[in-house]
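Colleague: no FASTA, just this:
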């Protein structure tokens, strides 16, 4: 995939893999068990494991070139953007990216590792710390592409994206559409839900 060579030049500094555990230890003064590598965990407090952590994880996604092609020169919305890494990469290709994330500690990672590059490159990316609800959809306008990369509340989030986006992309475990039960299969795929 020749796009990855280009992405290798645009990535920000590497995000340490253990940083989420450090942040989680202080979240609401409770310890939380969460694995950053692709793994199915108990969804304590409804928080999801980020499926896109940094460039090294991005390389593992099957169909990533299809994702890049889909967002080129488009207006993109991502709900559940995690630390904003995927939105950062996509903003190099898309015309505009809005990414919403409701869990505030991810903003610490975004502000320290990604935001300086967004400012330096003058990218068209808005990282918004906010849970998006059905009521919010009327204020969002229309997007060409809606993206969700995760597991938690996926049917609800994909449904919301379908109301504001022409095309919907879901980045999740490759076997998620084949089985009722999600397991720890480490393969992650890009699904275009309008064409599947």
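Modeller: Thanks, I have it. This structure is a prediction, so every number in the text was calculated from the model and none was measured. Numbering: from 1, shown residues only.

Colleague: which SS class is the residue positioned nearest the centre of the chain?
Modeller: Computing the C-alpha centroid of the chain and ranking residues by C-alpha atoms, centre = their mean puts residue 81 first, at 4.0 Å. Of the three states, residue 81 takes coil under DSSP: H, G, I helix; E, B strand; the rest coil.

Colleague: list the contacts for it?
Modeller: By C-beta atoms under 8 Å, 6 or more residues apart in numbering, residue 81 lies in contact with 87, 99, 100, 101, 106, 127. Glycine gets a C-beta too; all of them are placed from N, C-alpha and C.

Colleague: please apply the same query to residue 102.
Modeller: Residues in contact with residue 102 (C-beta under 8 Å, 6+ apart) are 80, 129, 130, 131, 132.

Colleague: mind running it again at 10 Å?
Modeller: Going by C-beta atoms under 10 Å, 6 or more residues apart in numbering, residue 102 touches 46, 47, 79, 80, 81, 128, 129, 130, 131, 132, 133.

Colleague: these in helices, which ones?
Modeller: Among the contacts of residue 102, no residue falls in helices (DSSP state H).

Colleague: by mean pLDDT, point me to the weakest helix or strand of this structure.
Modeller: Of all helical and strand segments in the chain, the minimum by mean pLDDT, DSSP states H and E falls on helix 19-24, at a mean of 60.

Colleague: count of residues packed around residue 119?
Modeller: When neighbours are counted by other C-beta atoms under 10 Å, residue 119 registers 10.

Colleague: how about residue 155?
Modeller: Residues lying near residue 155 (other C-beta under 10 Å) number 7.

Colleague: with residue 98 instead?
Modeller: Other residues close to residue 98 by other C-beta under 10 Å number 20.

Colleague: how near is it to residue 106?
Modeller: Distance of residue 98 to residue 106, computed by C-beta to C-beta, to the nearest Å: 15 Å.

Colleague: kindly report the same for residue 148.
Modeller: 15 Å.

Colleague: just to revisit the earlier point, quick one: name whatever helix or strand follows the least confident helix or strand of the chain.
Modeller: Note on helix 19-24: by DSSP states H and E, the next helix or strand toward the C-terminus is helix 55-58.

Colleague: partner strands of the helix or strand just after that next one, parallel or antiparallel?
Modeller: As assigned by DSSP H and E, the chain's next helix or strand after helix 55-58 is strand 61-62. Paired neighbours of strand 61-62 in the sheet (DSSP bridges): strand 188-192 (parallel).
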